[in-house]
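J.: A predicted structure for the sequence below; I have some questions about it.
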2 protein chains.
Amino acid sequence: MTRIDLQLAKSDCNQCPIRHRAVCASCDGPELDRLASMKSYRSWKAGETIVLEGDALPFVASIVIGCATLTRSMEDGRMQMVGLLLPSDFVGRPGRAAAPYEVVAATDVTMCMFDRPAFETMMAETPHVAGRLLEMSLDELDAARDWMLVLGRKTAREKVATLLAIVLRRASTAARPLRADLPLTREAMATYLGLTIETVSRQISALKKDGVIRLDGKRGVLCDDLSVLMTEAGDDEDGGLVD
Amino acid sequence: MTRIDLQLAKSDCNQCPIRHRAVCASCDGPELDRLASMKSYRSWKAGETIVLEGDALPFVASIVIGCATLTRSMEDGRMQMVGLLLPSDFVGRPGRAAAPYEVVAATDVTMCMFDRPAFETMMAETPHVAGRLLEMSLDELDAARDWMLVLGRKTAREKVATLLAIVLRRASTAARPLRADLPLTREAMATYLGLTIETVSRQISALKKDGVIRLDGKRGVLCDDLSVLMTEAGDDEDGGLVD
DNA sequence: CACGCGGTTTGATGCACATCAAGGCGGACG
DNA sequence: CGTCCGCCTTGATGTGCATCAAACCGCGTG
């Protein structure tokens, strides 16, 4: 029973069959085949709503390509992003029908859809799959809790630095300076960070003026020294946010 | 395969054997026996640290009696509570050794401890147990995400009202006015809400002055009309915070 | 009873971020 | 080429909460 490291799967494999290994890291052929037999694909353009808040979810899906956001909102219109979904992440919790939040495509998104009843049957029958999903959701729980610290205690500057650090670390290669394209608009960033658009913009400008980062167009961010950015973020250690 | 409603189990049964049903709602005798054979008990006084941040966790435990808090902190001392553990909740995530947060007893606490390796073996072998744990952790994830909305977007008054509403709803009986004893000090409330002690105190005073709640000593809270409090909290609907 | 102590309340002041408002930049399209 | 529209930036002003400071309350202890 060998386990494939999820990080590896995420960065190296963007084709769907491999994605299933993320769900079922310790499965062998037959289970993978069974997963494969119940899947279908669907794509969304950036900005489109994938799941409306309160909607029933007849499917379970995992992201193959792209980035989606998960948002919860109040009646008066205030919104808080509560999750960022990246390749291999799941939408539509198994075992509960209604979505307590809205899911929107941040970039163009392709998802791999599984029929819900079939998926749940499989889950009940193969401990590996259930165990793997448990691990994944516990990772998400840790990430959500880390984010609570960001929302509750960090300053605007630290919040922005934290988000940039996550994006840059995730995109990190050997090349210097580090470079990444933000998958989010300023508005989405503000929704994620519990700030307003203007504050996000100002803090990014300030970090740039202070030489912590440089910008490349509207979406590109460059950073020579990630550790400086992380200090700005208030983290000493890597922290491992967003699974 | 019958499922016992977790809410029911929580409110009606504070004895440990029933607690296990929360873990293993759909298990029959032999599995419950097996759980029972690997357990032991331990108690803590209010204020004592149960698990230090970064510590290894040789056990998995579930709360039998009392209330514990789960806190994450920054190097400069800023702290954010990221979870409130109540009877039947779990400590020490299966599958990961180190605790990314500190667990402290808010009231006197009794926990039921399971040997970690034995518990994990059992999990791997009985799909029911893994499935039940998955459900529980997804509930926790929903609660954490709800809390992100509170931390990121609500005003101080709304935050305090939200917390009071949760406590009152949880304690709710037929009797009017609703009455509950806060299991948390002002400091713990502030840590939970992303506020300072002073602000919490001021907002409670304000809610009292406005006739939304009344106080009974330091810990007791009375409320004639929960719906008014919930409006103050910014929720129209019940919202179902904290599992 | 005086005393100290942890938890709480209340007041005065300041600052970080929201809000309101105006302008800039780049891409799509007539 | 000019115009519009989304998205972003920057400035001016206001306010909600943090911070600093002091006093209060209930309780255990000498």
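T.: Cool, the structure landed.
J.: distance of residue A:71 from residue A:91?
T.: Using C-beta to C-beta, to the nearest Å, residue A:71 is found at 13 Å from residue A:91. The way it works is simple: take the backbone N, C-alpha and C, and place the C-beta from them, glycine included.
J.: overlap in contacts, the two.
T.: residue A:103 (C-beta atoms under 8 Å, 6 or more residues apart in numbering or on different chains).
J.: after the lengthiest helix in chain A, heading C-terminal, what element do we hit next?
T.: Counting residues, the longest helix found in chain A (DSSP state H) is helix A:127-153. The helix or strand immediately downstream of helix A:127-153 is helix A:156-170, counting by DSSP states H and E.
J.: strands paired with the very next helix or strand once past that following helix, and their directions?
T.: Counting by DSSP H and E, the next helix or strand C-terminal to helix A:156-170 is strand A:178-181. Using DSSP bridges, the strands paired with strand A:178-181 are strand A:220-223 (antiparallel).
J.: buried set for the strand it pairs with?
T.: For strand A:220-223, burial by neighbour count (16 or more other C-beta atoms under 10 Å in any protein chain shown) applies to A:221, A:223.
J.: who are the packing partners of the helix or strand that it is followed by?
T.: Per DSSP H and E, strand A:220-223 leads on to helix A:226-232 as the next helix or strand towards the C-terminus. Counting contacts by 3 or more C-beta pairs under 8 Å, 6 or more residues apart in numbering or on different chains; DSSP states H and E, helix A:226-232 packs against helix A:156-170.
J.: quick one: is the helix it packs on near DNA strand C?
T.: Yes - counting by C-beta under 7 Å from any atom of the strand, DNA strand C is contacted by helix A:156-170 at A:156-157.
J.: quickly check: the longest helix of chain A near chain B or not.
T.: Yes - on the criterion C-beta under 8 Å from any C-beta of the partner chain, helix A:127-153 is in touch with chain B at A:127, A:130-131, A:133-135, A:137-138, A:140-142, A:144-149, A:151-153.
J.: list the contacts of residue A:42.
T.: A:61, A:110-111, A:113.
J.: repeat for residue A:152
T.: B:80, B:151, B:193-194.
J.: what's the answer for residue A:38, then?
T.: So residue A:38 contacts A:114-115, A:118-119, A:122 (C-beta under 8 Å, 6+ apart).
J.: just the buried members of these?
T.: Buried members of the contacts of residue A:38, counted by 16+ other C-beta under 10 Å: A:114, A:119, A:122.
J.: taking the contacts of residue A:152 one by one, which sit in helices?
T.: Checked against DSSP H, the contacts of residue A:152 include these in helices: B:151, B:193.
J.: farthest pair within the contacts of residue A:152?
T.: Across the contacts of residue A:152, the longest distance by C-beta to C-beta is 9.5 Å; it joins B:80 and B:193.
J.: chain A against DNA strand C: which residues are in contact?
T.: So far as C-beta under 7 Å from any atom of the strand goes, chain A lies against DNA strand C at A:155-157, A:194-196, A:198-199.
J.: buried among the residues you listed? Make that a PyMOL selection.
T.: The PyMOL command for the buried members of the residues of chain A next to DNA strand C (criterion: 16+ other C-beta under 10 Å) is given here:
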select buried, chain A and resi 156+157+194+195+199
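J.: filter the residues of chain A next to DNA strand C down to the ones near chain B?
T.: Restricting those to those near chain B by C-beta under 8 Å from any C-beta leaves residue A:194.
J.: could the residues of chain A next to DNA strand C go into CSV alongside pLDDT?
T.: Putting the residues of chain A next to DNA strand C into CSV (pLDDT from 0 to 100) gives the following:
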residue, pLDDT
A:155, 97
A:156, 98
A:157, 97
A:194, 97
A:195, 98
A:196, 98
A:198, 97
A:199, 98
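J.: among the residues of chain A next to DNA strand C, which one sits closest to DNA strand D?
T.: Proximity of the residues of chain A next to DNA strand C to DNA strand D (C-beta to the nearest atom of the strand) peaks at residue A:198, which lies at 4.0 Å.
J.: so that closest one belongs to a strand, correct?
T.: No - going by DSSP: H, G, I helix; E, B strand; the rest coil, the assignment for residue A:198 is helix, not a strand.
J.: and it, what does it touch?
T.: Applying C-beta under 8 Å, 6+ apart, no residues qualify as near residue A:198.
J.: next one: the regular element (helix or strand) spanning residue A:203 to chain centre, how far?
T.: Using DSSP H and E, the element containing residue A:203 is helix A:197-209. The chain centre lies 23 Å from the centre of helix A:197-209; the measure is C-alpha atoms, centre = their mean, to the nearest Å.
J.: swap in stretch A:72-91?
T.: On C-alpha atoms, centre = their mean, the centre of stretch A:72-91 falls 10 Å from the chain's centre.
J.: hmm, residue A:84 and residue A:191 touching each other?
T.: No - at 10.7 Å, residue A:191 does not count as touching residue A:84 under the criterion of C-beta atoms under 8 Å.
J.: name the residues contacting each of those two.
T.: residue A:69.
J.: per-domain residue ranges of chain A.
T.: Under the assignment automatic domain parsing, the domains of chain A span A:6-151, A:154-232.
J.: want to try JSON lines for the ones you listed, with distance to residue B:228 as columns?
T.: Shown next, in JSON lines, are those (distance: least, C-beta to C-beta, whole Å):
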{"stretch": "domain A:6-151", "distance to residue B:228": "16"}
{"stretch": "domain A:154-232", "distance to residue B:228": "26"}
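J.: least reliable of those going by mean pLDDT?
T.: Mean pLDDT values for those show the minimum at domain A:6-151, a mean of 77.
J.: residue A:161: neighbour count?
T.: If you count neighbours by other C-beta atoms under 10 Å in any protein chain shown, residue A:161 ends up with 25.
J.: so it sits right up against residue A:228, yeah?
T.: No - counting by C-beta under 8 Å, residue A:161 stays clear of residue A:228, with 9.3 Å between them.
J.: which residues do these two both contact?
T.: residue A:212.
J.: show me what counts as buried in whichever strand or helix holds residue A:122.
T.: Using DSSP H and E, residue A:122 sits within helix A:116-125. With burial defined by 16+ other C-beta under 10 Å, the residues of helix A:116-125 counted as buried are A:116, A:119-120, A:122-124.
J.: from the residues you listed, which is closest to chain B?
T.: Using C-beta to the nearest C-beta, residue A:124 is the member of the buried residues of helix A:116-125 that lies nearest chain B, at 5.8 Å.
J.: are any of the residues of helix A:127-153 next to chain B buried, and which?
T.: A:127, A:130-131, A:133-135, A:137-138, A:140-142, A:144-149, A:151-153.
J.: quick check: residues of chain A near DNA strand D?
T.: Taking C-beta under 7 Å from any atom of the strand, the part of chain A that reaches DNA strand D is made up of A:47, A:185-187, A:197-198, A:200-202, A:204-205, A:215, A:218-219.
J.: which SS class is residue A:47?
T.: Three-state call for residue A:47 (three-state DSSP): coil.
J.: the closest residue to it other than its chain neighbours: how many residues sit nearby?
T.: If the residues on either side of it in the chain are set aside, residue A:47 comes closest to residue A:105, at 6.4 Å by C-beta to C-beta, 6 or more residues apart in numbering or on different chains. The criterion is other C-beta under 10 Å. On that basis, residue A:105 has 22 neighbouring residues.
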